[in-house]
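A.B. asks: Just the structure for this:
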Amino acid sequence: MDTDSFWTLLEDSRRQGIGGDKRDAWLRQALARLPAEAIVGFQVRLDRATEEAFTWNLWGAADRIFGGWCSNDAFRAFQYWLIGLGRAVFEAAVNDPDVLAYAPEVSRLAGRPRAGWSAEDRPGWPALDTLGLEAYELATGPAEDFGDAFYAAVRASQGAAADVPGRTWSPAPSGGRDPAGRRWTARDEEEAARRLPRLSVMFPLDGPDGGREPR
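C.D. replies: Numbering: from 1, shown residues only. Alright, predicted model coming up:
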């Protein structure tokens, strides 16, 4: 699966006008109809896109949207959600995360209490990471070692000596590679206003320090 096919498939799933479990099911079934090597290719492209989105600026945007703190797991889910918005939005946001202020999925949350956000409202798509694996099982048939076979194929596709993005790092500075760019905190109002002028206005912090200790 090449890059264009990867994004086309994700955007096709988005055009169905469904979210949550229904979008998961649509994409899982669409993947399962493909040859096994194409499903592996989907995961390879997903991992590469996730690595592209592993930046301090995007983590700062997620921090701001979530009120001053976005955990490791929440940021990983945020990266998958961003990929799910489609290629144009993804590439623009990697270049300048503040453009997310124009995304309807973000702008509709502004001014609403975060406690009232539904699961589908929240900027996260954690299930995206497992859909390739699940589709691979559907396509190849149940086997005790299907997971090992899937990830071995992903590693092989990346090259025997290459790390597999998304399989060898954790989005936490203490757990592996740091995100790209210069580290900063969205709880620094001056820095947030400079880097995220729109998002910092749309999403005030929950408290003076976001309610958490700095990373």
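A.B. asks: Now find how far off-centre whichever strand or helix holds residue 136 is within its chain.
C.D. replies: When elements are defined using DSSP states H and E, residue 136 is found to belong to helix 128-140. Taking Cα atoms, centre = their mean, to the nearest Å, one finds helix 128-140 lying 17 Å from the centre of the chain it belongs to.
A.B. asks: What residues of it count as buried?
C.D. replies: For helix 128-140, burial by neighbour count (16 or more other Cβ atoms under 10 Å) applies to 128-129, 131-137, 139. Any C-beta I mention is one placed from the backbone N, CA and C, and that applies to glycine too.
A.B. asks: Mind giving me the packing neighbours of the longest helix that the chain contains?
C.D. replies: For the chain, the longest helix by residue count, based on DSSP state H, is helix 36-52. Contacts defined by 3 or more Cβ pairs under 8 Å, 6 or more residues apart in numbering; DSSP states H and E place helix 36-52 against helix 3-15, helix 20-32, helix 72-84, helix 128-140, helix 146-158.
A.B. asks: which stretch in those helices is the model least sure about?
C.D. replies: Of all those, the minimum mean pLDDT falls on helix 146-158 (a mean of 91).
A.B. asks: quick one: that one to helix 128-140, angle?
C.D. replies: Per axes from the mean of the first three to the mean of the last three Cα atoms, to 10 degrees, the angle that helix 146-158 makes with helix 128-140 is 110 degrees.
A.B. asks: So what touches helix 146-158?
C.D. replies: Residues from elsewhere that reach helix 146-158 (Cβ atoms under 8 Å, 6 or more residues apart in numbering): 36-37, 39-41, 43-44, 47, 132-133, 136-137, 140, 143, 162, 164, 167.
A.B. asks: rewinding a little: what is the subsequent helix or strand relative to the longest helix of the chain?
C.D. replies: Using DSSP H and E, the first helix or strand after helix 36-52 is helix 56-65.
A.B. asks: State the mean pLDDT of that following helix.
C.D. replies: pLDDT averaged over helix 56-65 gives 98.
A.B. asks: Taking their axis directions, it and helix 72-84 sit at what angle?
C.D. replies: Using the same axes, to 10 degrees: helix 56-65 against helix 72-84 is 100 degrees.
A.B. asks: Could you tell me the angle between helix 56-65 and helix 36-52?
C.D. replies: 80 degrees.
A.B. asks: by contact count, what packs against helix 56-65?
C.D. replies: Where contact means 3+ Cβ pairs under 8 Å, 6+ apart, helix 56-65 is packed against helix 72-84, helix 87-95, helix 189-195, helix 197-202.
A.B. asks: What are the contacting residues of it?
C.D. replies: 69-70, 74-75, 78-79, 82, 93-94, 97-98, 100, 106, 109, 123, 171, 178-187, 192, 195-196, 199-200, 203, 205, 210.
A.B. asks: relative to helix 87-95, how tilted is that helix?
C.D. replies: Helix 56-65 runs at 100 degrees relative to helix 87-95, counting by the same axes, to 10 degrees.
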